[in-house]
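Peer 1: from the sequence below, what's the structure:
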Amino acid sequence: MFETDDYNRFRRAGRQPVELWLKKVMAQKLKTIHQNPIVEDLVFRAEDYVHSSAIEYAGVKGILYIFDE
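Peer 2: Sure, this is the predicted structure:
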């Protein structure tokens, strides 16, 4: 959470939702989400973050359920 003078917010100010209408855009956003724990120095590999779906994309069963189309 990000604390402000008035209240706490879940996301940073100025961040707006992005419509995911192309597979290319979805893949880029998913890569960014998977890289966030690395950027924050929580893990060395995206697959090592317990609450990430990156491990599923690496071909290993994780704790999250990935919906099939």
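
Peer 1: ok, how many other residues are close to residue 37?
Peer 2: Counted by other Cβ atoms under 10 Å, the residues lying close to residue 37 total 20. From N, CA and C alone the C-beta is placed, and that goes for glycine too.

Peer 1: so which bits of whichever strand or helix holds residue 36 are buried?
Peer 2: Under the criterion of DSSP states H and E, residue 36 resides in helix 23-39. By neighbour count with 16 or more other Cβ atoms under 10 Å, helix 23-39 contains the buried residues 34, 37-38.

Peer 1: what is the nearest of those to residue 51?
Peer 2: Residue 51 has its nearest neighbour among the buried residues of helix 23-39 in residue 37, at 8.4 Å by Cβ to Cβ.

Peer 1: share the number of residues neighbouring the closest residue to that closest one other than its chain neighbours, please.
Peer 2: Closest residue to residue 37 apart from its sequence neighbours, by Cβ to Cβ, 6 or more residues apart in numbering: residue 49 at 4.0 Å. Other residues within reach of residue 49, judged by other Cβ under 10 Å, total 19.

Peer 1: any idea how far residue 62 is from residue 49?
Peer 2: 10 Å (Cβ to Cβ, to the nearest Å).

Peer 1: identify the contacts common to the two.
Peer 2: With contacts taken as Cβ atoms under 8 Å, 6 or more residues apart in numbering, not a single residue reaches both residue 49 and residue 62.

Peer 1: now do the strands in the chain.
Peer 2: Taking DSSP state E as the criterion, the chain contains strands spanning 2-3, 8-9.

Peer 1: mean pLDDT for those: which is lowest?
Peer 2: Across the strands of the chain, strand 2-3 has the smallest mean pLDDT, namely a mean of 56.

Peer 1: now do residue 62 against residue 16, distance only.
Peer 2: 29 Å.

Peer 1: alpha carbons of stretch 43-50, in CSV - could you do that?
Peer 2: Extracted in CSV, the C-alpha atoms of stretch 43-50 (Å, rounded to 0.1, in the frame of the first residue of the first chain):
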residue,chain,number,x,y,z
VAL,A,43,14.1,-13.2,-5.5
PHE,A,44,16.7,-13.9,-8.1
ARG,A,45,14.4,-15.7,-10.5
ALA,A,46,10.7,-15.0,-11.1
GLU,A,47,9.9,-18.7,-10.6
ASP,A,48,11.2,-18.5,-7.0
TYR,A,49,8.5,-16.0,-5.9
VAL,A,50,5.9,-18.2,-4.2
